[in-house]
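> Please find the sequence and the predicted model below.
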Amino acid sequence: MTFLKRHPLLMGLLGLVASFVLAGIISSIGVRLFGGFQAYREALDDYRPVMLLWRALLYGAVACFWIRYGRPRLLRSVADDKDGGAQARLLLRKLERMVLIVLGLIETYNLITWWGG
């Protein structure tokens, strides 16, 4: 486990691969349950508003967890840096903004495709 702590890019890559594998498994189960790919796509189109609500609730839950537990813990751990964590706080703010921009772009794309754009 210490090997992965020393190599955060490898840990991120493994997490990305694991999420793609999990998404593929979930999609294949959905295709089998609905009896084919076309029926699965139609079901996804039918439940698009419910999926939007689900994603909004999921984003809200992750944001609440991050604000309440993750961010303070991270800021406490970087407070021991030479500069008092100033550089780390700056990078954290940039990363948080980038995540919000990416999520906004993803959901904007989802809404445009939903509205037939």
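Thanks, I have it. All figures in this text were calculated on a predicted structure; none of them were measured in a lab.

> C-alpha only now, for contacts and for neighbours.
Fine.

> Helices along this structure, start to end?
For the chain, the helices defined by DSSP state H occupy 2-6, 8-34, 37-46, 48-65, 71-78, 86-114.

> Just send these back as TSV, with mean neighbour count and mean pLDDT too.
Converted to TSV, the helices of the chain look like this (neighbours: other Cα atoms under 10 Å; pLDDT from 0 to 100):
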stretch	mean neighbour count	mean pLDDT
helix 2-6	9	71
helix 8-34	13	93
helix 37-46	14	92
helix 48-65	13	94
helix 71-78	13	91
helix 86-114	12	93
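
> residues contacting the residue lying farthest from the centre of the chain?
Most distant residue from the mean C-alpha position of the chain: Lys82, 31.4 Å away (Cα atoms, centre = their mean). Residues counted as contacts of Lys82 (Cα atoms under 8 Å, 6 or more residues apart in numbering): none.

> Look at it and report its pLDDT.
What the model reports for Lys82 is a pLDDT of 87.

> separation between it and Leu92?
Using Cα to Cα, to the nearest Å, Lys82 is found at 17 Å from Leu92.

> Next: Ile101.
14 Å.

> Check Leu44 too.
Counting by Cα to Cα, the gap from Leu44 to Leu92 is 35 Å.

> swap in Tyr40?
39 Å.

> Check Val50 too.
32 Å.

> go on, Leu14?
Separation of Leu14 from Leu92 (Cα to Cα): 22 Å.

> Ok, Pro72 next?
11 Å.

> go on, Gly116?
Counting by Cα to Cα, the gap from Gly116 to Leu92 is 36 Å.

> swap in Ser28?
Ser28 sits 36 Å away from Leu92, going by Cα to Cα.

> Next up, the contacts around Ser28.
So Ser28 contacts nothing (Cα under 8 Å, 6+ apart).
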